[in-house]
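Engineer: sequence and computational prediction follow.
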Amino acid sequence: MNEKTAQDKVYTAVAERGYREGWSAEQFLARQLCKMVEEINEAQESVYHTDPTYDTRIHLDRTKEDRLMWAARYAKVKFDNKEHPGWYGIGIEDPQALIDELADMQVVLFCAAAAAAELTGQPVDIVQLAVDKATADIARGVRNG
């Protein structure tokens with residue numbers, strides 16, 4: 001019997017939700033990187049500084065508008081726009097380098113989850129939470145903008 005990993009379960013749920021439909025592996029991967037930028041921005045919005053003279057969000061070399069927020073908005077628009085010409089002709093230059101960076105991102109997520117568990121005093125199984133979220137979201141289908 002071939003048991004599915006948590007990663008397989010999450011991917012299957014996301015595909016069942018409709019987010020893989022019509023996309024090559026390269027396009028799907030590029031769109032997921034856009035989604036990661038959007039999610040990083042949403043996560044950083046929950047971080048604040050206790051010094052009232054300090055900006056309430058993580059300080060990231062501000063311009064008139066926070067660069068991460070701008071990047072997240074752009075990434076969300078690209079992710080949601082199936083007609084965007086930028087999705088065509090995508091290739092992966094170095095698949096192993098990409099895999100290495102994905103592992104780096106996962107390390108960060110695991111460490112952030114461990115820190116959240118420390119803060120709340122409650123266990124945080126980020127892998128199981130991802131499975132639960134992805135499977136619960138199947139019924140929502142694809143987000144329309």
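Structural biologist: Thanks, I have the structure now. Residues are numbered from 1 along each chain as shown.

Engineer: excluding chain neighbours, what is closest to the residue nearest in space to the middle of the chain?
Structural biologist: Centre of the chain computed as the mean C-alpha position; nearest residue by C-alpha atoms, centre = their mean is M36, 2.7 Å away. Spatially, and ignoring its direct neighbours in sequence, M36 is nearest to M105 (6.8 Å; C-beta to C-beta, 6 or more residues apart in numbering). Every C-beta, even on glycine, is put in place using the N, C-alpha and C of the backbone.

Engineer: where does that neighbour fall, secondary structure wise?
Structural biologist: helix 95-120 (DSSP states H and E).

Engineer: in that helix, what counts as buried?
Structural biologist: For helix 95-120, the neighbour count (16 or more other C-beta atoms under 10 Å) marks L109, A113 as buried.

Engineer: tell me who's in contact with E16.
Structural biologist: The contact partners of E16, by C-beta atoms under 8 Å, 6 or more residues apart in numbering, come to I138.

Engineer: next one: the one 4 residues further on
Structural biologist: Residues near R20 by C-beta under 8 Å, 6+ apart: V14, F28.

Engineer: picking up where we left off before, how far away is the residue nearest to the centre of the chain from T135?
Structural biologist: Distance of M36 to T135, computed by C-beta to C-beta, to the nearest Å: 20 Å.

Engineer: show me what the strand or helix carrying the residue nearest to the centre of the chain is packed up against.
Structural biologist: Using DSSP H and E, M36 maps to helix 25-44. Helix 25-44 sits against helix 67-80, helix 95-120, with contacts defined as 3 or more C-beta pairs under 8 Å, 6 or more residues apart in numbering; DSSP states H and E.

Engineer: just to check, the residue nearest to the centre of the chain is in contact with Q106?
Structural biologist: No: the criterion here is C-beta atoms under 8 Å, and M36 misses it with Q106 at 10.8 Å.

Engineer: list the contacts of stretch 104-118.
Structural biologist: M36, A43, P123, V124, D125, I126.

Engineer: determine which two of those are furthest apart.
Structural biologist: For the contacts of stretch 104-118, the farthest-apart pair by C-beta to C-beta is M36 and P123; their separation is 24.2 Å.

Engineer: what stretches of this structure score poorly on pLDDT?
Structural biologist: 1, 47-65, 84-86, 145 (pLDDT under 70).
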